[in-house]
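>>> Attaching a predicted model along with its sequence, questions to come.
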Amino acid sequence: MIKTLAIWAIIIPNICRFWLISNLTVSLPTLLDNMFDLNFKKNGFLSALPLITSWISMILGSKIADFLLSKKILTLIRVRKLFTFVGMFFPSLFTVAVPYVDSTTAVTFMILASSTSTLCFSGFIINPLDFAPRYASFIMALGTTFMLFSGLVSPFVTGYFINQDNATGWKNVFFLSSAINLLGMVFYLIFGQADIQDWAREHRLTRF
């Protein structure tokens, strides 16, 4: 299993995506306070808004993916790669633009980044059910474990950058997060698979 690129195409995008998402969710209140002078009392609702819109986006994304598959508009792997591309490319695009816009536009971009990122649930995140349905829970748990390590490291890196210089630091944070996220996207687009792997097939024994 460990030699299967399809599994690494789940683990690596998980790490890369969560690096960006953890920065958006954990660092958002600090960002709004530092860069746009919106204190924690005022930005409480704004900080929670991306989570609300992400929940809606995730549901809509799954419905659209099911429609594309049920109508046979796209093959399974194309659906997975399409939703992974949209769910990782556009969040990187919105995120890297945040330091260069006003507060209203910045919040809008961060909401859009967080919302579009949930489309990955119809992309690489659910992909283990396609190529290894018997081991999907194990593979998804493995990806989540590596993902959480990413979430532990990224706030420390963010803190290091903004402690060096507040304005430039935030730009470096978003550039790095976007670059890492795009790296995960490219890896999945190259190595992502939907065909059931040989080691994941059920082998029935016939007794005479």
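Cool, got the structure.
>>> In three-state terms, how would residue 168 be classified?
helix (DSSP: H, G, I helix; E, B strand; the rest coil).
>>> Give the burial count for it, as a bare number.
Residue 168: 12 surrounding residues under other C-beta atoms under 10 Å. Every residue, glycine included, has its C-beta placed from N, CA and C.
>>> cool, and residue 153?
The burial count for residue 153: 13, using other C-beta under 10 Å.
>>> Nearest residue to it in space, please, no chain neighbours.
For residue 153, ignoring the flanking residues on the chain, the nearest one in space by C-beta to C-beta, 6 or more residues apart in numbering is residue 19 at 7.8 Å.
>>> Give the other helices and strands that the strand or helix carrying that neighbour contacts.
If you go by DSSP states H and E, residue 19 is part of helix 5-26. When contacts are defined as 3 or more C-beta pairs under 8 Å, 6 or more residues apart in numbering; DSSP states H and E, helix 5-26 packs onto helix 44-70, helix 76-97, helix 103-117, helix 128-131, helix 136-164, helix 166-191.
>>> circling back: check what pLDDT the residue nearest to residue 153 gets.
Predicted confidence (pLDDT) for residue 19: 93.
>>> would you list the helices and strands packed on helix 5-26 in CSV and tack on distance to residue 5 and mean pLDDT?
Shown next, in CSV, are the helices and strands packed on helix 5-26 (distance: least, C-beta to C-beta, whole Å; pLDDT from 0 to 100):
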stretch, distance to residue 5, mean pLDDT
helix 44-70, 23, 87
helix 76-97, 13, 96
helix 103-117, 23, 86
helix 128-131, 10, 95
helix 136-164, 13, 89
helix 166-191, 4, 92
